[in-house]
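[1] Quick check, what structure comes out for this input:
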Amino acid sequence: MSMPTPPQAEPTSFPPLGPSGDQAPRYERRGPRAGVVAGILGGAAAIAVTAGTIGGAVGYVVAREAGPTTTVAAAVQSGSTSVIPGSIADIAKRVSPSVVQLNVTGQQGAGTGSGFIISSDGYILTNNHVAGPSGSGGTIEVLFGDGTKASGTLVGANPGYDLAVVKVNKTGLPAISVGSSGGLNVGDSVIAVGSPLGLQGTVTSGIVSALNRPVTAGGEGETAFINAIQTDAAINPGNSGGPLLNAAGSVVGINSAIASMGSSSSGQPGSIGLGFAIPIDTAKRIADELIRTGTSTTPIIGVQLDMQYANDGARVQEVTAGGPSATAGLQSGDVIAAVDGKNIADATELIVTIRAHAAGDTVKLTITRDGQSIVVPITLTASKA
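    From the prediction side, this is the model:
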């Protein structure tokens with residue numbers, strides 16, 4: 001499955017990043033089939049799927065100048081100093097040293113996001129929309145939990161998955177515990193750690209609200225397709241790239257997007273309890289490839305999809321010659337109704353479902369053709385990101 005050609009794709013909108021970093025890129029799917037957008041409010045209002053990242057600089061400055069109030073300080077001082085093993089406080093204490101703030105500059109300005117250390121020799125995993133803007137002569141400053149700083153370099157990125165790896169020239173770093181997203185259940189407790197609005201080390205908690213939620217986000221001519229973990233843990237601009245943790249303190253997702261009713265007067269969207277994270281099982285594969293080779297692969301079935309198709313399923317507009325779908329006998333006009341027995345609502349859901357696999361995997365597509373249902377096995381091939 002190739003990326004849909006631009007004229008066929010539903011439009012996305014995103015405001016430019018100002019030089020002061022005071023506006024987060026805003027990603028919005030429009031139309032009746034818009035991933036997380038469709039049906040959430042019964043069509044009463046538009047909902048933007050927004051990358052929660054660049055734009056923390058202003059919030060960070062304001063917070064520093066305002067400082068904590070006496071009431072908050074007193075409350076902190078009066079709290080218990082003991083930490084219950086397995087509690088949120090315990091997890092936050094153990095994990096926070098592994099979470100970093102990324103201050104990124106690029107041609108379009110500067111902003112702040114989050115990331116986390118995945119190896120003691122300096123590799124950091126984050127979002128492409130956090131670190132990617134540094135790729136054209138920009139800079140990455142990594143701020144660690146102990147207040148120390150280091151310069152980072154972009155190892156590689158995959159915009160289609162919205163993932164990137166950054167490297168710092170340091171050793172002996174506290175690598176985070178990486179878990180698995182495969183065993184998550186709706187209702188499981190989760191914790192988000194990051195730098196919302198530049199407020200480093202912020203911890204929020206909630207539950208897994210939904211799984212396998214198709215989310216699209218686009219900017220700078222790039223579109224990411226995420227088979228997302230939905231959570232009600234508070235996620236705001238600046239949280240992007242930070243970890244979503246399970247109750248054991250292991251990473252199960254990368255906080256990447258929020259749904260928003262709209263922007264505030266400051267231009268920043270805020271959390272309404274609809275946050276989205278990239279499953280760590282997918283992110284691990286991409287990160288490993290980026291570290292080994294500087295690039296990564298995207299699995300495809302070798303078709304162009306009709307993004308305007310209004311019925312259930314994903315309609316094949318064109319079959320790529322020599323691709324896996326052509327080999328399997330797919331034809332233009334076929335409607336892909338299911339993957340491995342799981343019904344497919346639209347083209348977006350098909351894309352995120354395929355991208356949850358790896359090149360070389362075999363999937364079974366249920367095809368509707370001339371009123372007949374056909375099951376076709378297809379081995380996914382790789383497209384360079």
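[2] lowest average confidence, helix or strand, in this structure?
    One helix or strand of the chain scores below all others by mean pLDDT, DSSP states H and E: helix 56-66, with a mean of 30.
[3] shaky segments in the stretch 101-250 of the chain?
    Along the stretch 101-250 of the chain, the model assigns pLDDT under 70 to residues 218-221.
[4] Could you rerun that using 90?
    106-111, 132-133, 135-137, 215-226 (pLDDT under 90).
[5] residue boundaries of the helices in it?
    Assigned by DSSP state H, counting those that start in this stretch, the helices in the stretch 101-250 of the chain fall at 128-131.
[6] And the stretch 251-385 of the chain, by the same measure?
    280-293, 324-328, 347-355.
[7] can you give me the mean pLDDT across the shortest one?
    I take that to be helix 324-328. Helix 324-328 shows a mean pLDDT of 93.
[8] So which other helices or strands are in contact with that helix?
    The contact analysis (3 or more CB pairs under 8 Å, 6 or more residues apart in numbering; DSSP states H and E) places helix 324-328 against strand 314-319, strand 372-379. For glycine as for every other residue, the C-beta is placed from the backbone atoms N, C-alpha and C.
[9] can I get those in CSV with mean neighbour count and mean pLDDT?
    Below are the helices and strands packed on helix 324-328 laid out as CSV (neighbours: other CB atoms under 10 Å; pLDDT from 0 to 100):
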stretch, mean neighbour count, mean pLDDT
strand 314-319, 22, 95
strand 372-379, 14, 94
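[10] Export the ones you listed to JSON lines and append columns for distance to residue 208.
    Output for the helices and strands packed on helix 324-328, formatted as JSON lines (distance: least, CB to CB, whole Å):
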{"stretch": "strand 314-319", "distance to residue 208": "26"}
{"stretch": "strand 372-379", "distance to residue 208": "30"}
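[11] Could you check these and tell me which one is nearest residue 150?
    Each of the helices and strands packed on helix 324-328 has some distance to residue 150 by CB to CB; the shortest is strand 372-379, at 42.5 Å.
[12] Using PDB, write out every CA atom in that closest one.
    Only the C-alpha atoms of strand 372-379 are listed here, as PDB (Å, rounded to 0.1, in the frame of the first residue of the first chain):
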ATOM      1  CA  GLN A 372     -18.400 -11.800  -4.000                       C
ATOM      2  CA  SER A 373     -16.200 -12.100  -1.000                       C
ATOM      3  CA  ILE A 374     -12.600 -13.400  -1.500                       C
ATOM      4  CA  VAL A 375      -9.900 -14.000   1.000                       C
ATOM      5  CA  VAL A 376      -6.400 -13.200  -0.400                       C
ATOM      6  CA  PRO A 377      -3.100 -13.700   1.400                       C
ATOM      7  CA  ILE A 378      -0.500 -11.000   0.800                       C
ATOM      8  CA  THR A 379       3.100 -10.700   1.900                       C
END
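[13] Note down every partner strand of it and its orientation.
    Strand 372-379 sits in its sheet next to strand 362-369 (antiparallel), going by DSSP bridges.
[14] So which bits of the partner strand are buried?
    Buried residues in strand 362-369, defined by neighbour count with 16 or more other CB atoms under 10 Å: 363, 365, 366, 367, 368.
[15] what do you get for stretch 160-174?
    Those would be 160, 161, 162, 163, 164, 165, 166, 167, 168, 173, 174, for stretch 160-174 by 16+ other CB under 10 Å.
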